[in-house]
Structure formats: structure tokens, C-alpha cells
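K.L.:
turn this into a structure:
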Amino acid sequence: MNRRLIEKLRAIEKRLVEVDQRLARVVLHGKVSDLRQQGGDWQVRLEIGRDPETDAVVKSPWVPVQPAASGALKIKVKPTVGERMTMLSPSGTVGTGSWAIRGPFDDDHPPPAGDEDVVLEVGATRIIARDGLIALKVGATEIEMTDGAINVVADNIHHVGKTHLGVDGKGEAAIPKVVTTDGPAKKTQAKV
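P.N.:
Sure, this is the predicted structure:
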């Protein structure tokens, strides 16, 4: 075979190996090993593999975590160590252009129970929403809002400020209480 042809084939083979390696680094899966706050947002390092010679953990560089929303609606959720994520590096070069996106639930982090449309859960705190219902629950304490009713379940309720009961509209202050022989009066009238 011609020497120039052999050199060209080796160069092509080398280039293909480089392209394959870059392509393999575009999407890397791992679990969060380290967490820090940087510039008001969260950054993580992921365990993305093991060194075949030493069996040491291979970690990604610090990468930002893609927020659930970052436009007019802003949602920032703190990642947890052990959470499954995917690191995206569109150029195939892991570094400043890389970021982490959250992975699906797994055995270490199962989904919250229930069939509600929206569930936010942190430890013993749970917020749910579905058509016609918003509910907040912390331990045994619960606030539930439905069409026409707000239900509160709590051992104690502490209120600071004024409470206006029996008003007809939002922002309306209660009138001074007048008691008649038939009970509290809704309208006060003077007899002349």
C-alpha cells in the first residue's frame, strides 16, 4: 500500500477517534457528589465514572444546574447529594459550556405518592395542586383551599393583626359589632 495512503488513513482514524470521544462527552449521566452556591444559584459536581486503573471516582468540574424556569417565572430548587442528573456539553468539551439537568426518579429518590397534577415535597412539607384544590401540609398541620372553602387543621393557630369576619367583599373592614336580642346585627340603624 502507498505510504501517503497509509498516513491519510491513520489521520482519518485518529480524527474519528477524537470525534467519537467528543460525541461520548456530549451527554454524561451521574449523581451529585458535591454542591455549592455560586452567584445566587446552585452548582454541582457529578460522579461521572471510575478510573479503570485506580478505581477512583471521576468527577465533573463545577457546572450550573438548569433551573425549572428562568424567565418571568423563576423557580430555583436546591439539588441534593446523590440526586441523579445528566451533564450536557453541546460541544463535546466538558467545561464552562456544560450544565446539569435533573434526571428522573430512582430507587434512592422515589417519586412522591399521590396522583395530583403538581406535587412539591421537601421532607415533611408537601404542597399539592389539582383542578379545584390547593393544599399545604406540614406534618399533621394542613391548609386546604377549594371552591368556596378554606379548611385548616392545626393544633394551634396564631394570628397577628386584625381579623374581619362576616364582611361581604375583599379588603372590606368589619363594621362595629352591634348585638340585638336576636343576635349580632349586620346593619346598624338609629331609631329616631
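
K.L.:
which residue, other than its chain neighbours, is closest to the residue nearest the centre of the chain?
P.N.:
In the chain, the centroid-proximal residue (C-alpha atoms, centre = their mean) is residue 77; its distance is 3.9 Å. Leaving out its chain neighbours, the residue that sits closest to residue 77 by C-beta to C-beta, 6 or more residues apart in numbering is residue 68, at 6.2 Å. For every residue, glycine as well, the C-beta is placed using N, CA and C.

K.L.:
how about residue 59?
P.N.:
Nearest residue to residue 59 in three dimensions, chain neighbours excluded: residue 45, at 4.8 Å (C-beta to C-beta, 6+ apart).

K.L.:
now the one you found: how far from residue 81?
P.N.:
10 Å (C-beta to C-beta, to the nearest Å).

K.L.:
common neighbours of the two, please.
P.N.:
Contact criterion C-beta atoms under 8 Å, 6 or more residues apart in numbering; residues shared by residue 45 and residue 81: 32-34.

K.L.:
tell me if I'm right that the residue nearest to the centre of the chain and residue 69 touch.
P.N.:
No: counting by C-beta atoms under 8 Å, residue 77 stays clear of residue 69, with 10.2 Å between them.

K.L.:
hmm, back to that, which of the shared contacts of residue 45 and residue 81 sits closest to residue 138?
P.N.:
Using C-beta to C-beta, the shortest approach to residue 138 within those belongs to residue 32, at 25.7 Å.

K.L.:
next SSE downstream of the helix or strand where that closest one lies?
P.N.:
Assigned by DSSP states H and E, residue 32 falls within strand 27-38. Once the chain leaves strand 27-38, the next helix or strand it forms, by DSSP H and E, is strand 41-50.

K.L.:
and for the residue nearest to residue 77, the neighbour number?
P.N.:
Using other C-beta atoms under 10 Å, residue 68 has 11 other residues around it.

K.L.:
that one touches residue 101, doesn't it?
P.N.:
No: applying C-beta under 8 Å as the test, residue 68 and residue 101 come out as separate, 10.2 Å apart.

K.L.:
hey, C-alpha coordinates of the helix or strand harbouring residue 11 in CSV?
P.N.:
Assigned by DSSP H and E, residue 11 belongs to helix 3-24. C-alpha atoms of helix 3-24 as CSV (Å, rounded to 0.1, in the frame of the first residue of the first chain):
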residue,chain,number,x,y,z
ARG,A,3,2.8,5.3,2.2
ARG,A,4,0.8,8.5,1.7
LEU,A,5,-2.4,6.5,1.7
ILE,A,6,-1.4,4.8,4.9
GLU,A,7,-0.7,8.2,6.5
LYS,A,8,-4.0,9.6,5.3
LEU,A,9,-5.9,6.5,6.7
ARG,A,10,-4.2,6.9,10.1
ALA,A,11,-5.0,10.6,10.2
ILE,A,12,-8.7,9.8,9.4
GLU,A,13,-8.7,7.1,12.0
LYS,A,14,-7.2,9.5,14.6
ARG,A,15,-9.8,12.1,13.7
LEU,A,16,-12.7,9.6,14.0
VAL,A,17,-11.4,8.6,17.5
GLU,A,18,-11.4,12.2,18.5
VAL,A,19,-14.9,12.8,17.1
ASP,A,20,-16.2,9.6,18.9
GLN,A,21,-14.7,10.8,22.2
ARG,A,22,-16.3,14.3,21.8
LEU,A,23,-19.6,12.7,20.9
ALA,A,24,-19.4,10.5,24.0
